[in-house]
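K.L.:
what follows is a predicted structure for the sequence shown.
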Amino acid sequence: MFDVVIVGAGPVGLFLATLLLQEGLSVRILEQRSSPRSDSRAIGIHPPALAALALAKVEAPLLAEGLRIPSGVARSGGRDVGSIDFARGAPERPFVLTLKQVRTEALLAQRLAELDPNAVVRGFCVQSIHDGGTFLTLSGTVASSVVDASVRDCAVVDAPVQEHVQGRLVVGADGARSAVRRLLGIPTSGRNYPDTYLMGDFPDTGDDGNTAVLFLEPEGILESFPLPGRLRRWVVHTDSLLTDADAADLAQLVRQRTGVELDPGANSMLSAFEVRTRLARRMVQGRVVLVGDAAHEISPIGGQGMNLGWLDAAAVAPIIVAALRGEKTGRRLAEFERVRMGAARTAAHQAQLNMMLGRKSPAQFLQLRNAALGGLFTLGVVQNFAARRFTMHNIR
């Protein structure tokens, strides 16, 4: 019997477990995968999330490894349209930090292991949740290795063993295909978008330093973000989902639209993806709470998803502690759900607007729009608004 059982050992589950262990609670994380993912795609850590991560004492190692982006610039046809100084949104943390998710998770896991080296059980596929009144029992199979699972079933190799884990409270931090959400029968609403993207990491050979660059071109937007190790991530809006594309295809798209030359042979990550939004109808049901993508899957454009999950965890952790200490928390949970789902809807709206601005546009229309944007970005109030928006200070 544990105080809290968390399903999912991604960045949100690891962070929440650390916060709870720091408060003296007993925690167990059940993770379906037998080892951490090496192909994770998130890179951006925004100032509000970084402040939350400081609560788990991981801000310092993240800052030591990550790259600080102090500004962004919009560019079209080789000319700068406008720029944003991120210090306008967050003077105490005047940057967006970039670090590959695999390293972010490793640093979170390292901190967690300092508190409880046995907190994570890997290869555990949750297949049922039983409410015992004052506790919940999660049952499933455990195997030494787990293949990527479908939405409904875990595909296991080796002989699976049935296991049962009990917790006074349960948190679903198991991603967009949440087994916890499905087992509880919590419905979702949302939509699929027509937008598709191709992205990859290449050596940074340009002159933009630590500045993020958005290329507003007639054939669709390109986003370019610096990473540690003199790398840059390129994200390109495409006409269709290019699942069979290779690094040379991405390099060609970048060259055609921007004139920037990339070395396909030096590519270190490549991924094509579609976009959808899914919001759970509720985040709290009985003794179970959903956080992160399990509660709200939004477009990765803008890099908000992982950060939203951390902010969920930071908000719910003290409520969980209070509940397990016998305090009445019904109103606090209702307010948590209201605020966090409101933040998710705002983030989804912003991501939708970003995607609309990044779609194909006739050259003449694009020129007029860029001229208007350039004029607006000379105004301090607009710069302040944009800086707060891009650093997620409007979505706490």
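P.N.:
It's in.
K.L.:
doesn't residue 181 belong to a helix?
P.N.:
Yes - according to DSSP: H, G, I helix; E, B strand; the rest coil, residue 181 belongs to a helix.
K.L.:
tell me the spacing between it and residue 295.
P.N.:
From residue 181 over to residue 295 the distance is 8 Å, taken as CB to CB, to the nearest Å. C-beta here means a position set from N, CA and C on the backbone, and glycine is covered the same way.
K.L.:
now do the SS call for the residue lying closest to residue 112 once chain neighbours are set aside.
P.N.:
In this structure, residue 112 finds its nearest non-sequential neighbour in residue 18, 5.1 Å apart by CB to CB, 6 or more residues apart in numbering. Three-state call for residue 18 (three-state DSSP): helix.
K.L.:
quick one, helices of the stretch 1-150 of the chain?
P.N.:
Applying DSSP state H, counting those that start in this stretch to the stretch 1-150 of the chain gives helices spanning 11-22, 47-53, 59-65, 101-115.
K.L.:
which among the ones you listed is found nearest to residue 255?
P.N.:
helix 101-115 (27.6 Å; CB to CB).
K.L.:
so for the closest one, mean pLDDT?
P.N.:
Averaging pLDDT along helix 101-115 gives 97.
K.L.:
got the buried residues for it?
P.N.:
By 16 or more other CB atoms under 10 Å, the buried positions in helix 101-115 come out as 101, 103, 104, 105, 107, 108, 109, 111, 112.
K.L.:
and what of stretch 80-99?
P.N.:
Buried residues in stretch 80-99 (16+ other CB under 10 Å): 81-82, 84, 86, 88-90, 93-99.
K.L.:
from the residues you listed, pick the one nearest residue 322.
P.N.:
Using CB to CB, those come closest to residue 322 at residue 93, 28.2 Å.
K.L.:
show the contacting residues for that closest one.
P.N.:
Neighbouring residues of residue 93 by CB atoms under 8 Å, 6 or more residues apart in numbering: 47, 50, 51.
K.L.:
at the geometric centre of the protein, which residue do we find?
P.N.:
Residue closest to the mean C-alpha point of the chain, counted by CA atoms, centre = their mean, is residue 306 at 2.1 Å.
K.L.:
after the strand or helix carrying that residue, next one along is what?
P.N.:
Under the criterion DSSP states H and E, the helix or strand holding residue 306 is helix 305-324. Scanning forward in sequence from helix 305-324 by DSSP H and E, the next helix or strand is helix 330-357.
K.L.:
and the angle from that next one to helix 305-324?
P.N.:
180 degrees (axes from the mean of the first three to the mean of the last three CA atoms, to 10 degrees).
K.L.:
just give me how far the helix or strand just after helix 330-357 sits from the chain centre.
P.N.:
Remark: after helix 330-357, the chain's next helix or strand is helix 363-376, criterion DSSP H and E. Centre-to-centre, helix 363-376 and its host chain are 31 Å apart (CA atoms, centre = their mean, to the nearest Å).
K.L.:
of the buried residues of stretch 80-99, which belong to strands?
P.N.:
Using DSSP state E, 81, 82, 84, 96, 97, 98 are the members of these that sit in strands.
K.L.:
list the beta-bridge partners for the residue lying closest to the first one once chain neighbours are set aside.
P.N.:
Right, residue 81. With sequence-adjacent residues excluded and distances taken as CB to CB, 6+ apart, residue 81 is closest to residue 74, at 4.3 Å. On the basis of DSSP bridges, residue 74 is bridged to residue 82, residue 214.
K.L.:
and residue 74, what is it in contact with?
P.N.:
Taking CB under 8 Å, 6+ apart, we find residue 74 in contact with 80, 81, 82, 83, 213, 214, 216, 370, 373, 377.
K.L.:
can you list the residues you listed in TSV and add distance to residue 68 and pLDDT?
P.N.:
TSV is the format used below for the contacts of residue 74 (distance: CB to CB, whole Å; pLDDT from 0 to 100):
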residue	distance to residue 68	pLDDT
80	21	91
81	23	90
82	21	88
83	16	89
213	16	96
214	18	93
216	24	92
370	28	80
373	25	79
377	22	73
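K.L.:
what pLDDT, on average, does the longest strand along the chain get?
P.N.:
In the chain, taking DSSP E as the definition, the longest strand is strand 188-203. Strand 188-203 shows an average pLDDT of 95 in the prediction.
K.L.:
from the contact counts, what lies against it?
P.N.:
strand 231-238, helix 247-258, strand 269-280, helix 330-357 (3 or more CB pairs under 8 Å, 6 or more residues apart in numbering; DSSP states H and E).
K.L.:
show me what the third one is packed against.
P.N.:
The helices and strands touching strand 269-280, judged by 3+ CB pairs under 8 Å, 6+ apart, are strand 188-203, strand 296-297, helix 330-357.
K.L.:
what angle sits between the first one and strand 269-280?
P.N.:
Counting by the same axes, to 10 degrees, strand 188-203 lies at 160 degrees to strand 269-280.
K.L.:
got the angle for strand 188-203 vs strand 231-238?
P.N.:
Relative orientation of strand 188-203 and strand 231-238, computed by the same axes, to 10 degrees: 130 degrees.
K.L.:
likewise for the longest one?
P.N.:
Relative orientation of helix 330-357 with respect to strand 231-238: 70 degrees, computed using the same axes, to 10 degrees.
K.L.:
buried sites along helix 330-357?
P.N.:
Buried residues in helix 330-357 (16+ other CB under 10 Å): 332-333, 336-337, 340-341, 343-344, 346-348, 350-352, 354-355.
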